[in-house]
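Novice: After the sequence you'll find the predicted model.
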Amino acid sequence: MKTTAHTQFFNGIPVTVPNKTIETKADFYISYNNYDRADYGGHDTTALVLEDGKSLPVFLILNGNHMKQYSALKEQGFKACYQYFLQNIDLINQRSDKSVEGGRETNRKIMDHINKRHESK
């Protein structure tokens, strides 16, 4: 089970509250965060999160709520979700891992993942 969370204060007591997530294949998931706006430039955000189990996850974050769109694509796999991310790159959040803007390590992880999936079919 993938978990993403944020801390919220209730009557001055910090409480960990889970974000909304869409479970997909074991190697990626989608997380919607409408709580930590101050940390994300004042925006709700939706993250496409790629995990290979070997290194740190890749967080591809768009401003806004994209849960409906990603939900429609999740069964098609990571590549379809990644294409949606690229089609909406104008909504990229400042905290997103930069796959298109010169992030070589992020690009390598994404392409390795897509190529691995393609070769296994």
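Specialist: Nice, I can see it. Residues are numbered from 1 along each chain as shown.

Novice: Please count neighbours and contacts with C-alpha atoms only from this point.
Specialist: OK.

Novice: Which parts of this protein are helices?
Specialist: 67-73, 78-87, 104-119 (DSSP state H).

Novice: Pull out the CA atoms of the first one and give them to me as CSV.
Specialist: Extracted as CSV, the C-alpha positions of helix 67-73 are listed here (Å, rounded to 0.1, in the frame of the first residue of the first chain):
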residue,chain,number,x,y,z
MET,A,67,-7.4,12.4,-10.4
LYS,A,68,-10.2,11.9,-12.9
GLN,A,69,-7.9,12.0,-15.9
TYR,A,70,-5.3,9.7,-14.4
SER,A,71,-8.0,7.3,-13.2
ALA,A,72,-9.1,7.0,-16.8
LEU,A,73,-5.5,6.2,-17.9
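
Novice: Quick one: mean pLDDT over that helix.
Specialist: The pLDDT scores in helix 67-73 average 95.

Novice: mind listing what's buried in it?
Specialist: Residues of helix 67-73 classed as buried by neighbour count (16 or more other CA atoms under 10 Å): 67, 70, 73.

Novice: I would like the residues contacting it, please.
Specialist: By CA atoms under 8 Å, 6 or more residues apart in numbering, the residues outside helix 67-73 that reach it are 22, 30-32, 46, 80-81, 84.

Novice: could you pull out the strands for the protein?
Specialist: With strands called from DSSP state E, the chain shows them at 5-10, 13-18, 20-23, 28-33, 45-50, 58-63.

Novice: For the helices of the chain, please prepare CSV with the additional fields distance to S96.
Specialist: Shown next, in CSV, are the helices of the chain (distance: least, CA to CA, whole Å):
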stretch, distance to S96
helix 67-73, 17
helix 78-87, 11
helix 104-119, 10
